[in-house]
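In: No letters, just coordinates:
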């Protein structure tokens, strides 16, 4: 068999991998570097109208009166609409899924009708000729409110004294309990039991490009074209179709350049649905670009967990059991269509994940509050699960007097133990914890760092080293959403077409938001077909031109979309060889494709340039045998099915210095060893890891959406909500172990969320390691100077 | 968000500027680095913006007999690059490096910063520490106010309707003077949690009250005792934390050779 | 009342009527069609709108278009066409110092500013200089690497 038929990871076979595994620059980045990106706000359409939203100033209030008279008189105003007006064109939705048993949430409208449930919820829409004019009119809308009691604190919410949605009976959106049995017995026989309560601040994605949508309804054909800054065009096509009652095939969603997403842009937002509805109502294009203040108040938030965790271990350092109780608050609605129950569910699935204990018990409560909604943001649940696990593991190691690296080594699941079923029920195909740990310790010169740490402590310099091992969900199967009834495709497709000039066009349902999706698809396609990289063009982000698929989320782009491209490329190559065999009148098995040419398989002698193959196939098929039809466009799809998720693993380390006078934490260095299976482009993978690490550092040190007791977002602007900046970030060393998944030919697993998953735990452990000589610990993220000073009893 | 509508005037002379500033709903636009964000977020909606950046009398840095005179329109970047400032007003030269980022420093002005009187800004504290004099004009006269008396409260100064801050005069540093500027920010270029502009016996804190807080240098402990009991908390730091951090800065300045 | 302004944008003289409230970034994007510079926050923090006015970098959202009357304004499009930042763009490309690209035009202008005014900045100085420009994707390291390469290579 030739290289086109074997998996890239086929054992014992030396395969030509082409561009796969090479750090080639992304072709599409050149355009962005010259300011020639095409983000939604860059588009110009005739008769374009702009919409802005009147947003509730209260966290919970009934709308008694809504008056538009004065605002309607403003210059440039096209129309002003209430929730009821818009509900005539856009049906409400409910964010629940069948496989999250018992999850509940009330119907949600594009624009609130009777009641606003968080500060920032839209209650009216103003459409005008310019954004400034729309805002002028917004200021003249008159609203009378009846303030309602607010539920801000998650424990208060759980107690149910005040119920936000009376019809639901209580404030519990979703609850889950998991128990392997034997947990109490394990704790009873343990030599060491450690316990801690960890808190995680609510934070948000802060995409540099804010949420943006331009909806263009064509009344003549009852069709809708939506230019949307989204990660999931086909999902949105389905949703616009169903909620606006337009045939699915008449809805086209186009995601051109997307200025960052991180999970923020994979949800249904009421104001975006309203924008599409307004385009239908007004029969003209309408654009909504969230301003930065709206982004903070209405882009999904994430995290906000309070978790009590216990760990039982033997004196010899064997972990026996984990026991946890997670409480998380999600705002007043479960977000559609993925629900807001997933993050807590992941905490239950993943906590303790790297270790070989057999007893596990977890309790989860997901409750409503009158804050902005939360939902899936980069690394969903992982940062919580990793920090909990690794925080309590470090505490146990300290109590046992054992080095944290050694304690981990004793408890990590053996690299030979796979396939493996974890006590939470999730299944691992093949992981490499020990290889990763060893590589990490070597890369960071662990022992030397420990020596240096001891020496510096004598000089009152408090350095800390923190480790965080992790497992991560990637390449999700239909088990993630589809089985629960969500119309979110778990499969992706790629169409490859050989052009007459010998170039290859790739159309893939996975989208690009800067990860380099199009770049790696070009690499895979070029390698699979046998052409040079500059001969490949990639098209993504358009429901009208790409195969149907899920898009980009849950670290699935490379593993699922990439496999579809690979299989499609191999099929195209086979078809091309059929044509070449017909032209050359040679046996197909004697031929191969390399360097833009059909070659002899053994001698590599050039037989036919691809542009000649294309010329004959398209323009002179009369020269081919009568019964032969050239097929130069092929489509293949791929769905992972053998496992619910293709788990990956990795480990991170953080080196910090804590200024015990000011409580400031200086990040000195960070390491990340990751096993994401086949690495398609090491440079892109490293940058994914680093970007993810920095977002994780944001969670650990800076980022939190702060609310007043009345429900006002206090830091909803760029100056007050702190995201990591260049000056404070450390250099981040990346290294890889490659354990390809055997489910696919490509062998790639996901990597986009790994950095964010592990960094908060690593930084937390490093801070606590630095503070260890002072016998204090911090457990509430973000670790602000004040929290560290309080732990040190200095304030 | 987009700013609400306003009228705009760019006078070519001071008399023309003073004539426009008669309007009580007019605001002075200098570098605009604080005003324009407020306009964009509709936190401020003046009727008229009087852009004073075309007034030649307000620019430039000059060496006077006993002071360095800095025109109100001098930008942070110009101050940072100025040899005279480095030589004669070392405290200011230290402080300016902490002001925001390059793109802001190219537009923001010392006059704008002083007239805005943000309690977390660097210049007001420096002006008080250096016992500098602010030069203020209205259409008829010029008056001079000591920095200590200029800052009245939160974003509140001695400037009256119809007046413009035209310059600030910093006394020349003498041999043996000790100037130390320190501040704590979580991220480079952010507004400080707390900062200290110390010049000889005058220790002036920013971020500890609605205006710069001047402490007289005594023993370390006695000086520390003068720190405000309950400085205003910010989003991330309680009053107690700010007071603690101010004490840390004081000690660090004290121990700076 | 609208004001008439005339300025030189990327070497071309342009005249337009503007409302005083229109900031420079909206003016360039909406009136001149230069959409390369982005409005990321419109309150002067994120740096995505970084432009060059009379040779100095500024926040485009913190300057009114009317204030740019008589000025020379350079954007990423102009500096691309003139090839002034070609080395930087090449280094950014080769180091993958961008992902979504939204911050990139502003980042390039900030980087070029450092290159023009600093002899041989250290890594720390590079990090400090670009600390007024948010990038949410890359983790900054590749950006620092790319700038460092240009700084080292060109001297």
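Out: That came through, no problem. Predicted model, so just to flag it, every value in this text is computed and none were measured. Numbers count the residues shown, from 1 in each chain, chains lettered A, B, ... in the order given.

In: Low-confidence ranges, chain C, go.
Out: Residue ranges of chain C with pLDDT under 70: C:154-155.

In: okay, now the domains of it?
Out: Listed by automatic domain parsing, the domain ranges of chain C are C:3-79, C:85-152.

In: Any idea which of those gets closest to residue A:375?
Out: Residue A:375 sits nearest to domain C:85-152 of all these, at 18.0 Å, using CB to CB. To be clear about C-beta, it is placed using only N, CA and C from the backbone, and glycine gets the same treatment.

In: Residue A:388: which of the domains of chain C is closest?
Out: domain C:85-152 (24.1 Å).

In: Show me the one of the domains of chain C that comes nearest chain B.
Out: Smallest distance to chain B across those (CB to the nearest CB): 2.6 Å, for domain C:85-152.

In: what about that closest one, start to end distance?
Out: With CA to CA, to the nearest Å applied, domain C:85-152 spans 15 Å between its terminal residues.

In: does that domain come close to chain A?
Out: Yes. Judged by CB under 8 Å from any CB of the partner chain, domain C:85-152 comes into contact with chain A through C:89, C:92-96, C:98-105, C:108, C:124, C:126-128, C:130-131, C:133-144.

In: For the stretch 601-750 of chain A, what lies in contact range of chain B?
Out: Counting by CB under 8 Å from any CB, the stretch 601-750 of chain A sits next to chain B at A:661-664, A:702, A:706, A:714-715, A:717, A:719-720, A:722, A:724-725, A:727-728.

In: and the residue of the stretch 401-550 of chain A found nearest chain C, how many neighbours?
Out: Going by CB to the nearest CB, chain C is nearest to residue A:514 of the stretch 401-550 of chain A, at 3.1 Å. Residue A:514 is flanked by 32 other residues according to other CB atoms under 10 Å in any protein chain shown.

In: pretty sure it belongs to a strand, no?
Out: No. Counting by DSSP: H, G, I helix; E, B strand; the rest coil, residue A:514 is not part of a strand but coil.

In: possible to save the domains of chain C as JSON lines with distance to residue A:594?
Out: Formatted as JSON lines, the domains of chain C follow (distance: least, CB to CB, whole Å):
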{"stretch": "domain C:3-79", "distance to residue A:594": "39"}
{"stretch": "domain C:85-152", "distance to residue A:594": "26"}
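
In: List the ones among the residues of domain C:85-152 next to chain A that fall in helices.
Out: C:89, C:92-95, C:104-105, C:108, C:124, C:126-128, C:141-144 (DSSP state H).

In: between those residues, which has the most around it?
Out: The most neighbours of any of these, using other CB under 10 Å, belong to residue C:104, which has 33 neighbours.

In: Next, the residue found closest to that one once you drop the neighbours it is linked to in the chain: phi, psi?
Out: Distance criterion CB to CB, 6 or more residues apart in numbering or on different chains; nearest residue to residue C:104, sequence neighbours excluded, is residue C:98 at 4.5 Å. Here is the backbone geometry of residue C:98 (degrees, to the nearest 10): phi -160, psi 150.

In: Residue C:98 against residue A:514, yeah?
Out: Yes. The pair residue C:98 and residue A:514 passes the contact test of CB atoms under 8 Å, sitting 7.2 Å apart.

In: what's the overlap in contacts for the two?
Out: By CB atoms under 8 Å, 6 or more residues apart in numbering or on different chains, residue C:98 and residue A:514 have these common neighbours: residue C:137.

In: And the helices in the stretch 251-400 of chain A, which stretches?
Out: A:270-282, A:292-298, A:342-350, A:382-400 (DSSP state H, counting those that start in this stretch).

In: I should have written chain B there, sorry.
Out: Counting by DSSP H, the helices of chain B are B:14-20, B:35-40, B:76-81, B:83-88, B:90-96, B:102-105, B:110-116, B:122-129, B:147-150, B:220-225, B:239-254.

In: now swap in chain C and tell me
Out: Per DSSP H, chain C carries helices over the ranges C:24-26, C:76-81, C:86-95, C:104-117, C:123-129, C:141-153.

In: can you tell me how far the residue of the stretch 401-550 of chain A closest to chain C sits from residue A:697?
Out: To residue A:697, residue A:514 is 19 Å away according to CB to CB, to the nearest Å.

In: give me the residue from the stretch 51-200 of chain A nearest chain B.
Out: residue A:132 (3.9 Å).

In: what about that residue, which SS state?
Out: helix.

In: How about it: what's its closest non-neighbour residue?
Out: residue B:2 (3.9 Å).

In: Give the burial count for the residue in the stretch 151-257 of chain B positioned nearest to chain C, as a bare number.
Out: Nearest residue of the stretch 151-257 of chain B to chain C: residue B:188, at 4.4 Å (CB to the nearest CB). Number of residues near residue B:188 (other CB under 10 Å) recorded here: 19.

In: residue contacts, the nearest residue to it once chain neighbours are set aside?
Out: The shortest distance from residue B:188 to any non-neighbouring residue, by CB to CB, 6+ apart, is to residue A:727 (3.6 Å). Each residue near residue A:727 by CB under 8 Å, 6+ apart is listed here: B:187, B:188, B:189, C:124, C:127, C:128, C:131.

In: repeat that with 10 Å
Out: By CB atoms under 10 Å, 6 or more residues apart in numbering or on different chains, the residues touching residue A:727 are B:101, B:185, B:187-189, C:124-132, C:140.

In: That one looks like it's in a helix, true?
Out: Yes. Under three-state DSSP, residue A:727 sits within a helix.

In: Up against chain C, what does the stretch 401-550 of chain A have?
Out: A:512, A:513, A:514, A:515, A:516, A:519 (CB under 10 Å from any CB of the partner chain).

In: mind redoing it with 8 Å?
Out: Along the stretch 401-550 of chain A, the residues adjacent to chain C under the rule CB under 8 Å from any CB are A:513, A:514, A:515, A:516.

In: Verify the stated contact: the third one with residue A:552.
Out: Yes. Under the criterion of CB under 8 Å, residue A:515 makes contact with residue A:552 at 7.2 Å.

In: Give the residue from these two that has the larger number of neighbours.
Out: Each of residue A:515 and residue A:552 has its neighbours counted (other CB under 10 Å); residue A:552 has more, 32 against 26.

In: domain parsing for chain B?
Out: Using automatic domain parsing, the domains assigned to chain B come out as B:7-51, B:56-171, B:179-254.

In: From one end of the second one to the other, what's the distance?
Out: End-to-end distance of domain B:56-171 (CA to CA): 23 Å.
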